[in-house]
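Q: I'll drop the sequence and a predicted model, then ask my questions.
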Amino acid sequence: MDTQEVRTGEEVDRGAVENYIRETFKDFPGPPLQIRQFGAGHSNLTYELSSGSWEAVLRRPPKGPLPPKAHDMEREYNVLKAIHPFFPLAPEPLAFEEGKVLDKPFFLMERKYGIVYDTQWPENITPSVELAQDISREMVDRLVELHSIDYKETDFKHIARPEGFMKRQVEGWIKRFDKAHTSDVEEGVELKEWLLDNIPEDGESTIIHYDYKLNNAIFSKEDPSQMIGLFDWEMTTVGDPLADVGAAMSYWMEAGDPKELKEGLGQPPLTTEKGFYTREEFMERYAEKSGRDLKDMNFYLAFAYFKLAGIVQQIYYRYKQGQTDDPRFQHMNHFVNKLVSQAARQAGINERLY
């Protein structure tokens, strides 16, 4: 994964972090701590820490005030502790710090090396239809693998509340969207009513990643179609596996998608390139490998686009409130409107185009 110099305004106190590491890890060597930042991502801040042969990744919330229950580092750390023994693609968690060292809590996890597919083919990778197909297949199969884990055999059994999961999700994300609403974003009144009226009945519950997308995975340098790591477990919980599929599809852009949708978070993702599965192909393979019935996927897809609109709107709201001046966030209201429109279209609502 590529790193860069730490962005202005997102620095961490090097001395404080180094002192904490020296006290926490007895194998920490003598050389001064080096800190670089991972460039991807629009939410939590992630840094590479190194000193000689010692390496780790530090993950912390963004600067400024945060929505309630968002960016919960202790929860994500505990999720990794629970899932790593059963799903080694999840990084091994190393330590959690409750907020006495920096201005916010953070946790440390293992550093994984490999290839991240984002918006452009990485150097030293020869693009091909076959490779795109293989990567797509791997993405589906690893999601099926995650959903096959019996959460009752893990520590998730202590935090799971699967009953009423989708009802809580729909109601919760409507509240979050409304709380972060700004005047330059449409309200999607009819869409929200449709979502509330069409919540599926409770069914099977599994561990769900809930932020499953191509650039959250890392692939082997030796075999560029083999996933060796999966990151960003902040939203992970126990719930409806089809909600996880829907969320994954909201990020899985296709070549024929509207420009505003493909470029909402920057350059179009590689999934728009020739050879990558369409959303339909992804879901067909998921249904085949998992044995699950996807007859209600229109609901899950509509909700996924609305949920993503809520996530992006929370980021945009922070920008509008002056809590961040990151220029990437300046025009995110247009992406929010497009996502709401896409959700309405998926729901079959003839609401005016946003």
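A: On my side now, so go ahead. Numbers count the residues shown, from 1 in each chain.

Q: May I see the buried residues of the helix ranked longest in the chain?
A: For the chain, the helix reaching the highest residue count under DSSP state H is reported as helix 297-320. Buried residues in helix 297-320, defined by neighbour count with 16 or more other CB atoms under 10 Å: 297, 299-320. All C-beta atoms are positioned from the backbone trio N, CA, C, and that covers glycine.

Q: ditto for stretch 171-186
A: If you call a residue buried by 16+ other CB under 10 Å, then stretch 171-186 has these buried ones: 173, 174, 176, 177, 180, 181, 185, 186.

Q: Then stretch 108-125?
A: Buried, per 16+ other CB under 10 Å, within stretch 108-125: 108, 109, 111, 112, 114, 115, 116, 117, 118, 119, 121, 122.

Q: neighbouring contacts of that stretch?
A: 1-2, 21, 40, 48-50, 55-59, 80, 91-97, 127, 131, 135, 214-215, 217-221, 224, 228-229, 266-270, 273 (CB atoms under 8 Å, 6 or more residues apart in numbering).

Q: Among those residues, the buried ones, what's the ChimeraX command?
A: In ChimeraX, this line selects whichever of the contacts of stretch 108-125 come out buried by 16+ other CB under 10 Å:
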select :1,21,40,48,49,56,57,58,59,80,91,93,94,96,97,131,135,214,215,217,218,219,224,228,229,268,269,270,273
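
Q: Out of the contacts of stretch 108-125, which sit inside helices?
A: Among the contacts of stretch 108-125, DSSP H puts 21, 80, 131, 135 in helices.

Q: Tell me if I'm right that the second one and residue 92 touch.
A: Right, residue 80. Yes - using CB atoms under 8 Å, residue 80 makes contact with residue 92 at a distance of 7.3 Å.

Q: Let me see the domain layout of the protein.
A: 3-109, 129-347 (automatic domain parsing).

Q: chain center to the first one, what's the gap?
A: Okay, so that is domain 3-109. Relative to the centre of its chain, domain 3-109 is centred 17 Å away, using CA atoms, centre = their mean, to the nearest Å.

Q: What is the end-to-end distance of it?
A: 16 Å (CA to CA, to the nearest Å).

Q: Tell me which of the contacts of stretch 108-125 fall in strands.
A: 48-50, 55-59, 93-97, 217-219, 228-229 (DSSP state E).

Q: The closest residue to residue 309 other than its chain neighbours - how many residues pack around it?
A: Nearest non-adjacent residue to residue 309, counting by CB to CB, 6 or more residues apart in numbering: residue 339, 3.8 Å away. Using other CB atoms under 10 Å, the number of residues around residue 339 comes to 26.

Q: Residue 339 reaches residue 311, doesn't it?
A: No - no contact is recorded between residue 339 and residue 311 when judged using CB under 8 Å, the distance being 9.3 Å.

Q: Give me the spatial nearest neighbour of residue 167, chain neighbours excluded.
A: residue 199 (5.3 Å).

Q: The one you found touches residue 174, doesn't it?
A: No - using CB under 8 Å, residue 199 makes no contact with residue 174, being 11.5 Å away.

Q: Tell me how many other residues surround the residue nearest to residue 167.
A: Residues contacting residue 199 under the criterion other CB under 10 Å number 17.

Q: The one 3 residues further on too?
A: Around residue 202 sit 14 other residues, with neighbours defined as other CB under 10 Å.

Q: Quick check: it vs residue 176, distance?
A: Distance from residue 202 to residue 176, counting by CB to CB, to the nearest Å: 22 Å.

Q: can I assume residue 340 sits in a helix?
A: Yes - the assignment for residue 340 is a helix, going by DSSP: H, G, I helix; E, B strand; the rest coil.

Q: residues in contact with it?
A: Residues counted as contacts of residue 340 (CB under 8 Å, 6+ apart) are 185, 186, 188, 191, 305, 306, 309, 354.

Q: Let me see the ranges of the strands in this structure.
A: With DSSP E as the criterion, the chain has strands at 3-4, 34-38, 45-51, 54-60, 93-97, 106-109, 206-208, 217-219, 227-230, 237-239.

Q: Packing partners of the fourth one?
A: With contacts defined as 3 or more CB pairs under 8 Å, 6 or more residues apart in numbering; DSSP states H and E, the packing partners of strand 54-60 are strand 45-51, helix 73-83, strand 106-109.

Q: of these, which approaches residue 292 most closely?
A: helix 73-83 (20.4 Å; CB to CB).

Q: For the spatially closest residue to residue 333 that is not a sequence neighbour, report the pLDDT, please.
A: Computed as CB to CB, 6+ apart, the closest residue to residue 333 that is not its neighbour in sequence is residue 184, at 4.7 Å. We have a pLDDT of 85 for residue 184.

Q: In this structure residue 184 contacts residue 332, no?
A: No - counting by CB under 8 Å, residue 184 stays clear of residue 332, with 10.2 Å between them.

Q: how far away is residue 274 from residue 315?
A: In terms of CB to CB, residue 274 sits 31 Å off from residue 315.

Q: picking up where we left off before, restricting to C-alpha, output the longest helix of the chain in CSV.
A: Extracted in CSV, the C-alpha atoms of helix 297-320 (Å, rounded to 0.1, in the frame of the first residue of the first chain):
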residue,chain,number,x,y,z
MET,A,297,-31.8,-7.5,-3.6
ASN,A,298,-33.6,-4.4,-4.9
PHE,A,299,-34.3,-3.4,-1.3
TYR,A,300,-30.7,-4.1,-0.2
LEU,A,301,-29.3,-2.1,-3.1
ALA,A,302,-31.6,0.8,-2.6
PHE,A,303,-30.7,0.9,1.1
ALA,A,304,-27.0,0.6,0.3
TYR,A,305,-27.0,3.6,-1.9
PHE,A,306,-28.9,5.6,0.7
LYS,A,307,-26.5,4.4,3.4
LEU,A,308,-23.5,5.5,1.3
ALA,A,309,-25.2,8.8,0.8
GLY,A,310,-25.5,9.2,4.5
ILE,A,311,-21.8,8.4,5.0
VAL,A,312,-20.7,10.9,2.4
GLN,A,313,-23.1,13.5,3.7
GLN,A,314,-21.6,13.2,7.2
ILE,A,315,-18.2,13.9,5.7
TYR,A,316,-19.6,16.8,3.7
TYR,A,317,-21.4,18.2,6.7
ARG,A,318,-18.0,18.3,8.6
TYR,A,319,-16.6,20.3,5.7
LYS,A,320,-19.5,22.7,5.6
